[in-house]
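Colleague: Everything below, folded, please.
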Amino acid sequence: MRTFPYAILTVGLAAGLAACSDDNTGPGDTGGFAAVQAVLSVESCRNCHNGNNSVYHGALELTGTRAADSVTVQNFLDFEDPTASPLIQRPLTGSILAHPVRPFASTSDNDVQAIVRYAQTLALTGASRTLTAVTASAAPIMDGVAEAAWNSATSIQIPVHGGFAGDVTVTMRAMYTSSRIFFLLQWDDPTESVVRSPWEKTASGWLKRTAAPPLFDNSRLSRWRTMPDNYYYEDKLAIIWNTSGTSAIDGFDENGCAVLCHVDRPGDARPLKYTNGVGQTADMWHWKLVRTNVVHRLDDQYVYWNRTLTVNSAGGRAGDPGGGEYKSNGSAVPLFMSPNQPAAPFHMVDSATAAQWAATGFTIDAGDIATAFADNFAVGDLIANSITTLKPNVDRSDVEAYGVWSGGRWTLEIGRNLTTSSVGTTPPGGTSLVPVDVQFTPGQLYRFGVAVFDNAQIEHSWSPGVYTLRFQQ
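Modeller: Residues are numbered from 1 along each chain as shown. Alright, predicted model coming up:
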């Protein structure tokens, strides 16, 4: 992203907002609105913050329509604490980012506050960025069904945009008991994507489908906007939590998980995710429909500071200790199948893994357990390429999760112990242990961000704002 000088912003603010310093500036104030729009559209800002290549806070394209602008400004302004808004924070001290995450040098400038006042007039009722976990007398059942107990928890609306999903609103609730915390997330999705890079029987033999068509290049953010035809992947959702203490991520509490995403950075082969400081980590909860939903878990991962693919093929993203969450079903031809195939869903569980889960009391449907491949399929049939190997009782599987798609809408329930026994791990290329799990203590605040993957590998829709979890006492 291109660096822009404070001088240009200062001049633009002073000139553009002279007419909108009144406290009542808002959509009904034509002159004030035009001045705000002019300032926020100056070329020095629009170089980065536009609909094609925005990374950190999306496109700030105000229209004068109250409902539309109310959603847009949530990504830029913190209604509960305006001085903490991404628009008006000071640059990160010591950041290696090419451009300051916080573009204004002052949080008390009258012109800047005029923008804050304008944005506050757009705030929708209940447009809170604080998720309150209410006390629960009993744990909800993690079955992807929003039972009546969830009605006691106040929801927040998390708008996400970009990626294949486009503009989607995630509704989120939270509850906790003396030992566990639970989350309910719901979002619209017109299709249930259950076919991740499958094997297909063709007239000339078996063909493993790649996720994307051969000519699709997802290395540039502008390509993320429209899903190409014949894209074979799965629906997913991710929550990223900032850790605390010395491992806390600089800038996360003010700017959310966007500080972890690096798109088109020189030297990177593709968009990567990593933190900007050695020792800084985030806890990443990655729910995957095909690979983890069948064992009622999500993939518990973490993000750290590595960006060298030779050190870690996923850059700064890695799995918690305990082994991988899946393996591929052969390379030249399929090696396994399941009794349920070729019917959807296209997933299966390794037989040894299924036995380990059974030993814990969790039984996997026999139709989902991998068996030796026997080619009794017809041309056009699909079978799974992903075989779930996520084991029980390891760090990587300590977050329970189950999602159900119905009528164009996902309902996902997540549950985890408030604190885990994880001691962390030494990440690839690291030299010492770092924490990989967020540890919840009622009375403390926790920052997080949410991303939605609509049949997407990395082309996710994200929430540019930062959200806060607090506990009802």
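Colleague: Point out where this protein drops to low pLDDT.
Modeller: Low-confidence regions of the chain, defined by pLDDT under 70, span residues 1-127, 264.
Colleague: Name the nearest residue to Cys257, sequence neighbours excluded.
Modeller: Nearest non-adjacent residue to Cys257, counting by Cβ to Cβ, 6 or more residues apart in numbering: Gly449, 3.3 Å away. Using the backbone N, CA and C atoms, a C-beta is placed for each residue, glycine as well.
Colleague: Would you check that my belief about that neighbour contacting Tyr467 is correct?
Modeller: Yes: using Cβ atoms under 8 Å, Gly449 is in contact with Tyr467, at 6.6 Å.
Colleague: between the two, who's got more neighbours?
Modeller: The residue with more neighbours, out of Gly449 and Tyr467, is Gly449; 26 against 20, by other Cβ atoms under 10 Å.
Colleague: who's that one bridged to?
Modeller: Here Gly449 sits in beta bridges with Ile240, as judged by DSSP bridges.
Colleague: so who does it touch?
Modeller: For Gly449, the contacting residues are 239-240, 256-258, 462-463, 465-467, by Cβ atoms under 8 Å, 6 or more residues apart in numbering.
Colleague: Against Pro190, how distant is it?
Modeller: 24 Å (Cβ to Cβ, to the nearest Å).
Colleague: Likewise for Pro228?
Modeller: The value you get for Pro228 to Pro190, if Cβ to Cβ is used, is 17 Å.
Colleague: Those two: which is more packed in?
Modeller: Of the pair Pro228 and Pro190, Pro228 is the one with more neighbours under other Cβ under 10 Å, namely 13 against 8.
Colleague: Am I right that that one is in contact with Ala212?
Modeller: Yes: counting by Cβ under 8 Å, Pro228 touches Ala212, with 6.5 Å between them.
Colleague: how near is Ala372 to Glu200?
Modeller: The gap separating Ala372 from Glu200 is 20 Å, by Cβ to Cβ.
Colleague: Neighbour count: these two, which is higher?
Modeller: Shown here are Ala372 and Glu200; by other Cβ under 10 Å, Glu200 has more neighbours (19 against 8).
Colleague: how much space is there between Gly424 and Trp241?
Modeller: From Gly424 across to Trp241, the span is 14 Å (Cβ to Cβ).
Colleague: who has more neighbours, the two?
Modeller: Trp241 (23 against 18).
Colleague: Now do the helices in this structure.
Modeller: 6-16, 30-40, 43-46, 66-73, 110-121, 252-255, 351-359 (DSSP state H).
Colleague: Around the closest residue to Lys236 other than its chain neighbours, how many other residues sit close by?
Modeller: Nearest residue to Lys236 in three dimensions, chain neighbours excluded: Phe453, at 3.7 Å (Cβ to Cβ, 6+ apart). If you count neighbours by other Cβ under 10 Å, Phe453 ends up with 26.
Colleague: Can you give the distance from stretch 459-473 to the centre of its chain?
Modeller: 9 Å (Cα atoms, centre = their mean, to the nearest Å).
Colleague: which of the residues in it are buried?
Modeller: Judged by neighbour count using 16 or more other Cβ atoms under 10 Å, the buried positions of stretch 459-473 are 459-469, 471.
Colleague: Return the set of buried residues in stretch 377-390.
Modeller: 377, 381-390.
Colleague: re the thing from before, what residues are up against the residue nearest to Lys236?
Modeller: 163-165, 233-238, 459-461.
Colleague: Check the gap between it and Phe471 for me.
Modeller: When distance is defined by Cβ to Cβ, Phe453 is 28 Å away from Phe471.
Colleague: do the same with Glu192
Modeller: Distance, Glu192 to Phe471, using Cβ to Cβ: 33 Å.
Colleague: Please apply the same query to Lys391.
Modeller: From Lys391 over to Phe471 (counting by Cβ to Cβ), the distance is 31 Å.
Colleague: and if you look at Ala358?
Modeller: Counting by Cβ to Cβ, the separation of Ala358 from Phe471 is 35 Å.
Colleague: for Asn276, same thing?
Modeller: Using Cβ to Cβ, Asn276 is found at 29 Å from Phe471.
Colleague: what's around the residue found closest to Gly316 once you drop the neighbours it is linked to in the chain, how many residues?
Modeller: Using Cβ to Cβ, 6+ apart and skipping the chain neighbours, the partner closest in space to Gly316 is Tyr274 (2.5 Å). Residues lying near Tyr274 (other Cβ under 10 Å) number 23.
Colleague: ditto for Arg307
Modeller: The local packing of Arg307 (other Cβ under 10 Å) involves 19 other residues.
Colleague: rewinding a little: which neighbours do Gly449 and Tyr467 have in common?
Modeller: Gly256.
Colleague: Okay, now stretch 192-209: how far is its last residue from its first?
Modeller: Taking Cα to Cα, to the nearest Å, the first and last residues of stretch 192-209 lie 18 Å apart.
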